[in-house]
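>>> here is my input, please return the structure:
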Amino acid sequence: MTKLTKRTVDAAKPKGSRWFVWDAELKGFGLVVQPSGVKSYCYQYRNAEGRSHRLAIGKHGQWTPTEARNRAEELRHIVRQGGDPLADKRTAREALTVGELLDAYLESGTFANKAPSTQSSDRGRIERHLKPLLGRRIAAKLTGDEVRRALNAISDGKTATRIKTKPRGLARVRGGRMAARDSIGLLRAVFNWGVEEKLVDGNPCTKVKTGPSGTRELILDGEQYRRMFDALDKLERARRIKSPVADAIRLIALTGCRRGEASDLRWRHVDLKRGLIVLPPHAHKAGKRTGKPREINLHTTSQALIAKQPEGSPDDLVFDQPGGADALSAAWRKVRAEAELPNGIGLHGLRHSVASHLAMSGAGAAEIMVALGHHQLSTTQRYLHFAETARQALAERAAAPALAGMAAAAGGEGEVVKLRRAK
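All right, here's what the predicted structure looks like:
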């Protein structure tokens, strides 16, 4: 045995099976070394009934040896007072409600690392759909059937309501199939997080099918783009939407940038001489995972859209409009109705259209990943699959006349053969 310090922990090498390094000073405090090389701290004790229990403290890296030792000291004190930390933890787990689990997630580092726009959407789904339907349920006892009933309730609009957001503001909660899918998808992610944090033992959402993302398979064709830009011009002239909002939507349609990237764009992010937008890691969705900036290339029209905005200080918004991303969404609904576009196409659909047309024009996965700022190849591959299907359908349409002629020729030749045999 030896005192657990950073040096001794780093020196502990994995073996063919799990093994322990016990601390020489604090009885029961130890390090678990897995064959994979993962190391974690634990505390082993006997409760008042003489039963031996081992309680996990946390992984090395997430906990320092000093922090883990302090926690082991706390556990040791609880045991000396006649308590049973493992039993207490189980009791707390069994009493945890879904609402409390959701609140814990909102306070977590995992949630803090999400983009501000994603945080806003997640809070809305939690407060307006998940908590009203499932918040009082015990998390450990939540069943797949209850999750399915919640999915159907949101889809049927049973959580639809109006919520006062500010002195003269109202948020209309509509529900619907897409809101249901996204809300239960978030609940699944929260339970996965809860399992990792040892707050729950399993995920009741695992086998609940929420259905495919129908809206994101919609893309705009040339005629729909024409109607969309005509609608933007018309609504802007009629002052039904403000010019900065209209231009932000135009930028999304032309570059495939995210809604939040357009609404939160600052002048210090723009380099018109190089024709670039450079977003630091904290200003785009994938940046918090990769730690890398995202570059958005600007063609001439996109540069002109930005150049026409009243230039401010480096920290000022390029498209200066109160309401941020929500203002863009509200304006987009007017544009979509005016242009008679499918109801399923949201602002993200414009981004999807850019990616899909890139793929159909022959762009590879790496090019699309760079253009759209994707972090995972799996996100990009769906566009390639879509493009492949579209190209196949186009090839079949192009070949249809020739195939009809071939079929007719084969049919005529068959009749000739029949006549020859009859003779």
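
>>> now do the strands in the stretch 101-250 of the chain.
Using DSSP state E, counting those that start in this stretch, the strands of the stretch 101-250 of the chain run over 161-166, 169-173.

>>> quick check: mean pLDDT of the last one?
Mean pLDDT, taken over the full extent of strand 169-173, equals 59.

>>> report pLDDT for the spatially most central residue of the chain.
Centroid-nearest residue in the chain: Thr118, 7.3 Å away (criterion: C-alpha atoms, centre = their mean). At Thr118, the pLDDT value in this model is 81.

>>> same deal with Ala253?
pLDDT, Ala253: 87.

>>> what's the answer for Gly414, then?
Looking at Gly414, its pLDDT stands at 44.

>>> let me see the ranges of the helices in the stretch 201-350 of the chain.
222-237, 243-255, 259-263, 287-290, 300-307, 324-339, 347-360 (DSSP state H, counting those that start in this stretch).

>>> confidence-wise, which of the ones you listed is weakest overall?
helix 287-290 (a mean of 68).

>>> right, and Phe29 touches Ala68 too?
Yes: counting by C-beta atoms under 8 Å, Phe29 touches Ala68, with 7.5 Å between them. Glycine gets a C-beta too; all of them are placed from N, C-alpha and C.

>>> what sits in contact with each of these two?
4, 41 (C-beta atoms under 8 Å, 6 or more residues apart in numbering).

>>> show the pLDDT at the nearest residue to Arg71 once chain neighbours are set aside.
Spatial nearest neighbour of Arg71, excluding adjacent residues (C-beta to C-beta, 6 or more residues apart in numbering): Ile57 at 5.1 Å. Per-residue pLDDT puts Ile57 at 89.

>>> helix, strand, or coil at Ile57?
Secondary structure for Ile57, judged by DSSP: H, G, I helix; E, B strand; the rest coil, is strand.

>>> is it correct that it is in contact with Lys39?
No: in this structure, Ile57 is not within contact of Lys39 by C-beta under 8 Å, at 11.4 Å.

>>> between these two, who's got more neighbours?
When neighbours are counted by other C-beta atoms under 10 Å, Ile57 and Lys39 differ, and Ile57 comes out ahead with 23 against 18.

>>> run through the residues that contact that one.
Ile57 neighbours (C-beta under 8 Å, 6+ apart): 40-43, 63, 68, 71-72, 75.

>>> for Arg18, what are its contacts?
By C-beta under 8 Å, 6+ apart, Arg18 lies in contact with 32-35.

>>> and for Met1?
Counting by C-beta under 8 Å, 6+ apart, Met1 has contacts 21-24.

>>> try Leu187
Residues in contact with Leu187 (C-beta under 8 Å, 6+ apart) are 130, 134, 147, 150, 205.

>>> I'd like to know which of those are part of helices.
134, 147, 150 (DSSP state H).

>>> now, of these, which are buried?
Neighbour counting over the ones in helices among the contacts of Leu187 (16 or more other C-beta atoms under 10 Å) leaves 134, 147, 150 as the buried ones.

>>> any low-confidence regions in the protein?
Scanning the chain with the threshold set as pLDDT under 70 gives 89-94, 162-174, 211-219, 285-290, 355-423.

>>> change it to 80
For the chain, applying pLDDT under 80 flags the ranges 1, 86-95, 113-117, 160-175, 211-221, 282-292, 321-324, 344, 348-349, 351-423.

>>> outline the domain layout of it.
The record's domain parsing of the chain by automatic domain parsing lists 6-87, 98-211, 222-381.

>>> now the end-to-end length of the first one.
Just to be clear, that refers to domain 6-87. End-to-end distance for domain 6-87: 30 Å, by C-alpha to C-alpha, to the nearest Å.
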